[in-house]
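Student: A predicted structure for the sequence below; I have some questions about it.
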Amino acid sequence: MSSPSWRVLVADDEPAARRGVRQLLSRFPQFAIVGECRDGREVLAALDTLAPDVLFLDIQMPEIDGFEVIRRRSPERM
């Protein structure tokens, strides 16, 4: 088995949604989930510390939503 080539961050305030993404990606060994976030503040911190290649970003999250994450991070840095 080859090692994962894509580092994934999953961001959703609903545990069932995060679990669903985990289950879907578990079939693909090239993806490794390196972190999960429940709100935009956690996403902003995790982007810098975990350096994911792929981000599954929920739009409606408490406090800082997905669009605000993109605005604060800037599309170029995403």
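Tutor: All right, it came through fine. Residues are numbered from 1 along each chain as shown.
Student: what residues sit buried inside stretch 29-48?
Tutor: Using 16 or more other CB atoms under 10 Å as the test for burial, stretch 29-48 gives 31-40, 42-44, 46-47. Backbone N, C-alpha and C define where each C-beta goes, glycine included.
Student: nearest to residue 59, of those residues?
Tutor: residue 40 (10.4 Å; CB to CB).
Student: now the closest one: closest residue in space that isn't a chain neighbour?
Tutor: residue 64 (2.6 Å; CB to CB, 6 or more residues apart in numbering).
Student: and the helices in the chain?
Tutor: 15-25, 40-50, 66-73 (DSSP state H).
Student: now mean pLDDT and distance to residue 7 too, for those, in JSON lines please.
Tutor: Listed next are these as JSON lines, based on pLDDT from 0 to 100; distance: least, CB to CB, whole Å:
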{"stretch": "helix 15-25", "mean pLDDT": "98", "distance to residue 7": "11"}
{"stretch": "helix 40-50", "mean pLDDT": "96", "distance to residue 7": "7"}
{"stretch": "helix 66-73", "mean pLDDT": "94", "distance to residue 7": "16"}
